[in-house]
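J.: Show me the folded form of this:
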Amino acid sequence: MALIQPFRAVRPSRDKVGLVASRSYESYSKKEREARLRYNPYSFLHIVNPGYKFHREVSGEDRFRLVRNRYLEFREEEIFIRDETPSLYIYKQKTRKHVFCGFLGGASVDDYKNDVIKKHEETIRTREELFMEYLDTVGFNSEPVLLTYPDSAPLEKVIAEVTAAVPEYEFTTTDRITHYLWKLSNPEKIAAVRNEFSAMKSIYIADGHHRTASSVLLAERRQQINPHHTGKEPYNFFMGYFIPESSLRIYEFNRMVKGLNGLSKEDFLIRLDEYYRIEDRDTEWYKPSKKHHFTMYLDGEFYSLYLRKTAYRFGDVLSTLDPQLLYDTILKPVLGIADLRNDNRIGYGSGKNNIVDMKTQIDKGKYTVGFGMLPLTMDEIRATADAGLKMPPKSTFIEPKLRSGLTIYSLSEI
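T.: Modelled structure (predicted):
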């Protein structure tokens, strides 16, 4: 049974919300960050990059404490205001092609530990621990974990009823996405939402595996030092954006590799012939239309790779996924990429135009060869998570991408 918890969000005042909310820090180029920090004093980037105020870089515990200080300043200046009553929030993004709409609420640490919230990616312990220390010091979640649930007519009915009213927020960002937020405080409607989630056997992490794992570590730490632990404290939850499965947009990550592991171009192609039927498409842009087909770009030419089904034995769910298949047949045995997370010879390209980016980077000499594939499906993600398996890193690029600072989940009662 899945749990969604109302909470008292800390959020921007209505007149400043469009100035405060930001994309994730890493998604900005250095020039973009500098411009926003210089010309927008309300940007949430000032909180996550507190050293800007002192014209210096800060890191580690010093940075964590300064993040906390900037956050408190925003609250003292009433740029951020905390809601009086626990609520759920309905958040909608409208792009030129898609509409994403779901619930912002507290997700349960216990649901994650009990495998109600299922994961499909492996996490790195050192990253978990670092972000746990960050959360423990700053005392808030500012970017929700993207969680997905089976489509539900009762939940759609609640969303339709609430969004018929004037939103609390409505603003458009420079990427031409319009953002809407409604506050859901009605006890009967909250109960209806919670009852519907309680009937769900499982929900799934779409994006935010490390943030989730870090929140679990923090809860375990605080439980151990709290002699009056009840399970209702804020640290037992983390902020999630719950969205129906049909609303997700899933894209692929390309793989790009430096060098051919000592092989000549001709020897490399001969090695690939063991597993694939290869067609040289010259300068014709090629994108796969079927599973187990790949794009390859090498030496200014596109190739199509079609798996020889008699040459590869499928076993568990993981072995049927194209990112795993590419690893098993090319990246590891031919190119010598054993560690997909830490080998600096491999790079990844994501999003809707990643074949263009892949070709550009290879033509510039940054990489030697690149591979493209079809995106995975929600069925594949669900099957992998249900089997308790973990996909290779950078297997999915999932939208929506959420704003930081739109709603903040406080890890304390104040």
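
J.: what pLDDT does K352 get?
T.: K352 is assigned 64 on the pLDDT scale.

J.: so what's the residue most central in space within the chain up against?
T.: Against the mean C-alpha coordinate of the chain, by Cα atoms, centre = their mean, the closest residue is D207 at 3.0 Å. Residues in contact with D207 (Cβ atoms under 8 Å, 6 or more residues apart in numbering) are V145, L146, I398, K401. For every residue, glycine as well, the C-beta is placed using N, CA and C.

J.: Out of the residues you listed, the closest to E413 would be?
T.: For the contacts of D207, the minimum distance to E413 (Cβ to Cβ) is 21.8 Å, reached by V145.

J.: Columns secondary structure on top of the contacts of D207, output as a markdown table?
T.: Output for the contacts of D207, formatted as a markdown table (DSSP: H, G, I helix; E, B strand; the rest coil):
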| residue | secondary structure |
| --- | --- |
| V145 | strand |
| L146 | strand |
| I398 | strand |
| K401 | coil |
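
J.: Show me the strands paired with the longest strand belonging to the chain, marking each as parallel or antiparallel.
T.: Assignment by DSSP state E gives strand 99-108 as the longest strand of the chain. With DSSP bridges as the criterion, the sheet partners recorded for strand 99-108 are strand 4-5 (antiparallel), strand 88-94 (antiparallel), strand 237-244 (antiparallel).

J.: ranges for the strands of the stretch 201-350 of the chain?
T.: Secondary structure of the stretch 201-350 of the chain (DSSP state E, counting those that start in this stretch): strands located at 203-207, 237-244, 249-251, 253-257, 276-280, 293-298, 301-307, 346-350.

J.: how many other residues sit next to S59?
T.: 8 (other Cβ atoms under 10 Å).

J.: roughly how far apart are it and H210?
T.: Counting by Cβ to Cβ, to the nearest Å, the gap from S59 to H210 is 18 Å.

J.: got it, and I203?
T.: Distance from I203 to H210, by Cβ to Cβ: 18 Å.

J.: higher neighbour count, those two?
T.: I203 (23 against 16).

J.: My understanding was that the more buried one contacts A2; is that so?
T.: Yes: between I203 and A2 there is a contact under Cβ atoms under 8 Å: 4.9 Å.

J.: intersection of neighbour lists for those two?
T.: Joint contacts of I203 and A2 (Cβ under 8 Å, 6+ apart) are D111, V116, I117, Y149, F197.

J.: can you map out the helices along the stretch 51-200 of the chain?
T.: 60-76, 109-113, 125-138, 153-163, 187-198 (DSSP state H, counting those that start in this stretch).

J.: May I see those organised as JSON lines, with mean pLDDT, distance to K94 and mean neighbour count added?
T.: Below are the helices of the stretch 51-200 of the chain laid out as JSON lines (pLDDT from 0 to 100; distance: least, Cβ to Cβ, whole Å; neighbours: other Cβ atoms under 10 Å):
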{"stretch": "helix 60-76", "mean pLDDT": "95", "distance to K94": "27", "mean neighbour count": "16"}
{"stretch": "helix 109-113", "mean pLDDT": "97", "distance to K94": "30", "mean neighbour count": "18"}
{"stretch": "helix 125-138", "mean pLDDT": "95", "distance to K94": "30", "mean neighbour count": "16"}
{"stretch": "helix 153-163", "mean pLDDT": "98", "distance to K94": "11", "mean neighbour count": "15"}
{"stretch": "helix 187-198", "mean pLDDT": "98", "distance to K94": "22", "mean neighbour count": "15"}
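
J.: For the residue lying closest to H209 once chain neighbours are set aside, grab the count of nearby residues.
T.: Sequence neighbours aside, E121 is the residue nearest to H209 in space, at 4.5 Å (criterion: Cβ to Cβ, 6 or more residues apart in numbering). Counted with other Cβ under 10 Å, residues neighbouring E121 total 20.

J.: give me the beta-bridge partners of E121?
T.: Here E121 shows beta-bridge partners M391, assigned using DSSP bridges.

J.: Thought G208 was touching it, still the case?
T.: No: with contact defined as Cβ under 8 Å, E121 does not reach G208; the gap is 9.7 Å.

J.: what number of residues lie near K287?
T.: Neighbour tally, K287, other Cβ under 10 Å: 13.

J.: Let me see the contact set for it.
T.: Counting by Cβ under 8 Å, 6+ apart, K287 has contacts T295, I355, G372.

J.: burial count for the residue nearest to the first one when sequence neighbours are not counted?
T.: If you skip the residues right next to it in sequence, T295 has G372 as its closest partner in space, 3.5 Å away by Cβ to Cβ, 6+ apart. Residues within reach of G372, counting by other Cβ under 10 Å, total 26.

J.: And for T283?
T.: 8.

J.: now, which of the shared contacts of I203 and A2 sits nearest E168?
T.: Checking the shared contacts of I203 and A2 one by one against E168 (Cβ to Cβ), the nearest turns out to be F197, at 22.3 Å.

J.: Wait, that closest one touches I4, no?
T.: Yes: with contact defined as Cβ under 8 Å, F197 reaches I4; the gap is 4.8 Å.

J.: quick one: the closest residue in space to D386 that isn't next to it in sequence from S264, how far?
T.: Once flanking residues are discounted, D386 sits nearest to K118: 6.7 Å by Cβ to Cβ, 6+ apart. Here the distance between K118 and S264 works out to 45 Å (Cβ to Cβ).

J.: When these two are compared, which one has more neighbours?
T.: K118 (20 against 9).

J.: still on that earlier bit, intersection of neighbour lists for F197 and I4?
T.: Contacts common to F197 and I4, judged by Cβ under 8 Å, 6+ apart, are F242.

J.: follow-up on the earlier one: would a markdown table of the contacts of K287 with distance to F238 and pLDDT be doable?
T.: Listed next are the contacts of K287 as a markdown table, based on distance: Cβ to Cβ, whole Å; pLDDT from 0 to 100:
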| residue | distance to F238 | pLDDT |
| --- | --- | --- |
| T295 | 37 | 96 |
| I355 | 35 | 87 |
| G372 | 34 | 95 |
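
J.: Go through these and say which is closest to N254.
T.: G372 (4.8 Å).

J.: So what's the residue count around V99?
T.: 12.

J.: Equivalent analysis for V20, please.
T.: By other Cβ under 10 Å, neighbour count at V20 equals 24.

J.: if we can go back for a sec, got the contact list for the residue nearest to D386?
T.: Contacts of K118 by Cβ under 8 Å, 6+ apart are S202, I203, Y204, I205, R382, A385, D386.
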